[in-house]
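A.B. asks: just need the structure, nothing else, for what follows:
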Amino acid sequence: MTGSDKTPMASSYPSSMMKPLTLLALLLLLSLPLPVRSFPQLNKGADNWEAFRFLVGEWGGKGTGSPGEAAGAFSFSFDLEEKILVRKNRADYPATKDKPAYSHNDLMVIYKEGTETRAIYFDNEGHIINYTVTVSKDLPTRITFLSEISPSAPRFRFIYSKINNDNMTFQFDVAQPAKPEAFTKYLEGSLVRKTSPK
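C.D. replies: Residues are numbered from 1 along each chain as shown. The predicted model follows:
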């Protein structure tokens, strides 16, 4: 065996082949399954939305309270194959001696996480609020949204109560940070169905 026969076999490959081999090895490594960080997921099974179905459709109504009288409309609709329930809301406030007319718009996504129902709220004033959602056991047609306690922000609660298939009421309450359980009524109103769910 000559000295040249003892040369490692890899060195006998032309250098032009090393780059494709290196690229192939890298692609194989990238194709291996990697550990994935665990994130909360929406429920994979069938979700029980029965208590919420009376909300689905388009609604109109009037409200009175601290911000003044308002007229508006909102809708509830399912999305993502009934994984989430989406509320879109608009309220129009007329001009007063203290401030000009303005409109409030918000969007809320209601979802199931484990055994709990939660919601996240966004509006055109820049607020983002997380809610826990509960259905009254003694009155299944009353749904309450309760925001988290914060030492630096008010706590919010609003309630939808079904009267019949085409009518319901709502109430919006506020508690100050120092007394997160001491709610006072901020806004209330009656709602009439404009269109039925599709």
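
A.B. asks: could you use CA atoms for every contact and neighbour count after this?
C.D. replies: Noted.

A.B. asks: which stretch of helix or strand covers F74?
C.D. replies: strand 70-79 (DSSP states H and E).

A.B. asks: how far is that strand from where the chain is centred?
C.D. replies: Relative to the centre of its chain, strand 70-79 is centred 15 Å away, using CA atoms, centre = their mean, to the nearest Å.

A.B. asks: list the buried residues of it.
C.D. replies: 70-78 (16 or more other CA atoms under 10 Å).

A.B. asks: measure I128 to M108 for me?
C.D. replies: Noted for I128: a distance of 10 Å to M108, by CA to CA, to the nearest Å.

A.B. asks: joint contacts of the two?
C.D. replies: With contacts taken as CA atoms under 8 Å, 6 or more residues apart in numbering, I128 and M108 have 120-122 as neighbours in common.

A.B. asks: using TSV, lay out the residues you listed together with distance to K88.
C.D. replies: Formatted as TSV, those follow (distance: CA to CA, whole Å):
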residue	distance to K88
I120	12
Y121	10
F122	10
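
A.B. asks: which of I128 and M108 has more residues huddled nearby?
C.D. replies: M108 (20 against 13; other CA atoms under 10 Å).

A.B. asks: for the one helix or strand that one maps to, give the mean pLDDT please.
C.D. replies: Assessed by DSSP H and E, M108 sits inside strand 102-113. For strand 102-113, the mean pLDDT works out to 93.

A.B. asks: now swap in stretch 82-89 and tell me
C.D. replies: 96.

A.B. asks: the helices in this structure, which residues?
C.D. replies: 15-30 (DSSP state H).

A.B. asks: find the least confident helix or strand in it, judged by mean pLDDT.
C.D. replies: helix 15-30 (a mean of 49; mean pLDDT, DSSP states H and E).

A.B. asks: in this protein, where is pLDDT below threshold?
C.D. replies: 1-47, 62-70, 196-198 (pLDDT under 70).
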